[in-house]
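1. Okay, structure incoming, though there's no sequence with it:
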């Protein structure tokens, strides 16, 4: 019986000799949080496979590229409006008085008038009829 206990003890020592404890180390797997970048493609494919959302395709709601002529007209209108706004700001903060003006740029009509509190800029969209008034104070 004694030899059986010694054999069992020896067997347990041999079996648990290889089992040792160490510190647990945590690392991120997602590359967005500092993990290994090699996991990126795998995680993206897994997410795409689990995505059950299907986008509805509507033929009439797609984006249409503007023609080069429309693009040029839009850029030209934007540049004229930018320069006009710069002129108004320069005159408001400068020493010279502001001159009244009536401008038509694309589908916009812009009226600039000096007032007692500042420069009044009235912008009207001809197509929609919408109107906006901006007052730039004198300094």
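-> The structure has been received and is ready for your questions. Everything numeric here is computed off the predicted structure, so don't read it as measured data.

2. tell me the pLDDT at the residue positioned nearest the centre of the chain?
-> Geometric centre of the chain, nearest residue: residue 32, 17.9 Å, by Cα atoms, centre = their mean. In this prediction, residue 32 carries a pLDDT score of 82.

3. Surely it is in a helix?
-> Yes - the assignment for residue 32 is a helix, going by DSSP: H, G, I helix; E, B strand; the rest coil.

4. Mind picking out the helix or strand in the chain with the poorest mean pLDDT?
-> One helix or strand of the chain scores below all others by mean pLDDT, DSSP states H and E: helix 2-17, with a mean of 78.

5. Please state the offset of that helix from the chain centre?
-> 67 Å (Cα atoms, centre = their mean, to the nearest Å).

6. The chain: strands as residue ranges?
-> 101-105, 108-114, 118-125, 131-137 (DSSP state E).

7. Format the ones you listed as CSV; extra columns: mean neighbour count, distance to residue 90 and mean pLDDT.
-> In short, each C-beta sits where N, CA and C put it, glycine included. As requested, the strands of the chain are exported to CSV (neighbours: other Cβ atoms under 10 Å; distance: least, Cβ to Cβ, whole Å; pLDDT from 0 to 100):
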stretch, mean neighbour count, distance to residue 90, mean pLDDT
strand 101-105, 12, 14, 81
strand 108-114, 17, 13, 85
strand 118-125, 16, 11, 85
strand 131-137, 12, 11, 84
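
8. Quick one: those as CSV, columns for distance to residue 37 too.
-> Output for the strands of the chain, formatted as CSV (distance: least, Cβ to Cβ, whole Å):
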stretch, distance to residue 37
strand 101-105, 50
strand 108-114, 50
strand 118-125, 50
strand 131-137, 50
